[in-house]
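# Predicted coordinates and the sequence they were generated for:
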Amino acid sequence: FGYIPLISLPANSIAIPWVSFCVVPLTLLGTALILPLPELGVILLHIAASTIDALWVSMEWFYNLNWNWRQHTPPLWTIIIAMIGVAILLLPRGFPARWLGILWFLPLFFILPAHPNRGEVWLTLLDVGQGLAAVIRTQNNVLVYDTGPKSRSGFNTGDAVVVPFLRNQGIPKIDKLLISHGDNDHSGGTQSVLEQLQVNQVLTSAPEKIQKIVDNSRTKLSPTQVLSCQTGQHWHWDGIDFQILHPTAKYFSKKENNASCVLKVSVENRAILLPGDIEKSVEYRLVQNHLTDLIKANILIAPHHGSHTSSTQRFLDRVQPTIALFSTGYRNRFKHPRKWIVERYHNRHIQTWNTAQTGAISFRISADGISAPYLARETMRRYWH
């Protein structure tokens, strides 16, 4: 996803001759002699295995160097310009100043992707299957809310979705990583994100679990940068207000879902509400403890992926969203979002989109209004969609 390993040349200059002149001949000779001279054949195969082990040590050393040239996805017009440069370089010999074709490549590397203006926020709900990961960008700052799931095989959406998306957008660091709670479908990609990107601070309702992840990762994040999210925390970025509405400092629940960090992002008279996996009891607390305007939002990330445990009628009536987004996996075993929950939104004339159907969903929000949604599978449609 937009990077070239700079170690590939020195690594291959060692690996290719080593395998060609040591590993392969010893393996073939040992295999040929295994029947007529079994003892000698076994010795040669053991030597071949030892040479692979020795090579592997050097390859691991190269891998740990992590020398990569990373390149954001360039705008389409810069690619067209570069193609003109290629045509100039391929002109017949004797054509004057062919070297100027190189200059046509420069926009590929120096024109950065678009970014929000001051007082504008870009929301992207990533498609991480049955889980949640969202990226919130202001003019100079980036917040990532959850990192999606990790499977038993080691595959995780932090490595496969979150990090590639950020690099594609030319984003080198995360100012705040907010892990709503410790469930795997929300925190599974955290270690990969910490290892591959600079993260300035982590907010979470599960600081002990996240601290263990930090301790096990190859990251320079200091222990003081993992903080508990608490009601009342707020900060201001580039004309945008961020506020934690839940949990309180002394809140306790047997259900980890109900400890989810609830984040509100406000752009003057418009807002986004990210409630994690809160269920009915916490929705009731938010309705009871806050004035209507404090939890009111135009865009709502549906609580608990549209489960029957959440999205109560009273909560929706107080939040009054015009847009609701569901982050679910295609034909997931939990049957999220529940059909009658989606109908509850539609009965209030709330527009809904589901990442399982649309892929990643993006909006641009400012004081002037909310943009039309950018739906990945419609914008980047493939023949199999």
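On my side now, so go ahead. Worth saying up front: this structure is predicted, and the values here are computed from it rather than measured. Numbering: from 1, shown residues only.
# how long is stretch 141-150 end to end?
26 Å (CA to CA, to the nearest Å).
# for the nearest residue to Arg377 once chain neighbours are set aside, what are its contacts?
Excluding the flanking residues, the one nearest Arg377 by CB to CB, 6 or more residues apart in numbering is Gly359, at 4.0 Å. The way it works is simple: take the backbone N, C-alpha and C, and place the C-beta from them, glycine included. With contact set as CB atoms under 8 Å, 6 or more residues apart in numbering, Gly359 has these partners: Asp127, Leu375, Ala376, Arg377, Met380.
# in the chain, which ranges drop under the pLDDT threshold?
1-2, 220-224, 290-292, 385 (pLDDT under 70).
# Identify the residue nearest the geometric centre of it.
Among the residues of the chain, the one closest to the centroid is Val162, at 1.1 Å (CA atoms, centre = their mean).
# Distance check, that residue against Val121.
Val162 sits 18 Å away from Val121 when distances are taken as CB to CB, to the nearest Å.
# Can you mark which positions in stretch 129-141 are buried?
Within stretch 129-141, the residues that count as buried by 16 or more other CB atoms under 10 Å are Gly129, Gln130, Gly131, Leu132, Ala133, Ala134, Val135, Ile136, Arg137, Thr138, Gln139, Asn141.
# wait, doesn't the last one sit right on Gly239?
Put plainly, it is Asn141. No - with contact defined as CB atoms under 8 Å, Asn141 does not reach Gly239; the gap is 11.0 Å.
# Among the contacts of Gly359, which one has the most neighbours?
For the contacts of Gly359, the largest number of neighbours (other CB atoms under 10 Å) sits with Asp127, at 25 neighbours.
# Who's the closest spatial neighbour of Ala367, skipping the chain neighbours?
In this structure, Ala367 finds its nearest non-sequential neighbour in Glu268, 4.3 Å apart by CB to CB, 6+ apart.
# next SSE after the helix or strand containing Val144?
According to DSSP states H and E, Val144 maps onto strand 142-145. Counting by DSSP H and E, the next helix or strand C-terminal to strand 142-145 is helix 157.
# Name the next helix or strand following that next one along the chain.
Beyond helix 157 toward the C-terminal end (DSSP H and E), the next one is helix 163-168.
# now for that next one, which elements pack on it?
helix 190-196 (3 or more CB pairs under 8 Å, 6 or more residues apart in numbering; DSSP states H and E).
# ok, residues contacting the helix it packs on?
Residues contacting helix 190-196 (CB under 8 Å, 6+ apart): 144, 147, 156, 158-159, 162-163, 174, 177, 179, 199, 210, 213-214, 216-219, 221.
# Among those residues, name the buried ones.
For the contacts of helix 190-196, buried by 16+ other CB under 10 Å: 144, 147, 156, 158-159, 162-163, 174, 177, 179, 199, 210, 213-214, 217, 219, 221.
# where exactly do the strands run in the stretch 251-385 of the chain?
Per DSSP state E, counting those that start in this stretch, the stretch 251-385 of the chain carries strands over the ranges 262-267, 270-274, 299-301, 323-326, 351-354, 361-366, 369-370, 374-375.
# Could you dump the ones you listed into JSON lines and include distance to Asn117?
Output for those, formatted as JSON lines (distance: least, CB to CB, whole Å):
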{"stretch": "strand 262-267", "distance to Asn117": "11"}
{"stretch": "strand 270-274", "distance to Asn117": "15"}
{"stretch": "strand 299-301", "distance to Asn117": "19"}
{"stretch": "strand 323-326", "distance to Asn117": "21"}
{"stretch": "strand 351-354", "distance to Asn117": "25"}
{"stretch": "strand 361-366", "distance to Asn117": "8"}
{"stretch": "strand 369-370", "distance to Asn117": "14"}
{"stretch": "strand 374-375", "distance to Asn117": "17"}
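# Which among those is found nearest to Leu112?
Closest to Leu112 of the strands of the stretch 251-385 of the chain, according to CB to CB: strand 361-366, at 17.2 Å.
# List the neighbouring strands of that closest one plus their orientation.
strand 120-125 (antiparallel), strand 369-370 (antiparallel), strand 374-375 (antiparallel) (DSSP bridges).
# which one of those strands is the most hemmed in?
Stretch with highest mean neighbour count among the strands paired with strand 361-366: strand 120-125 (a mean of 23; mean count of other CB atoms under 10 Å).
# what packs against whichever helix or strand comes after that strand?
Using DSSP H and E, the helix or strand that follows strand 120-125 in sequence is strand 134-137. Other helices and strands packing on strand 134-137, by 3+ CB pairs under 8 Å, 6+ apart, are strand 120-125, strand 142-145.
# Can you pull out the residues in contact with strand 134-137?
With CB under 8 Å, 6+ apart as the criterion, strand 134-137 contacts 115-116, 121-126, 142-146, 162, 165-166, 169, 171, 265, 272, 274, 301, 327.
# Just put the helices and strands packed on strand 134-137 in TSV and tack on distance to Cys261.
Formatted as TSV, those follow (distance: least, CB to CB, whole Å):
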stretch	distance to Cys261
strand 120-125	16
strand 142-145	8
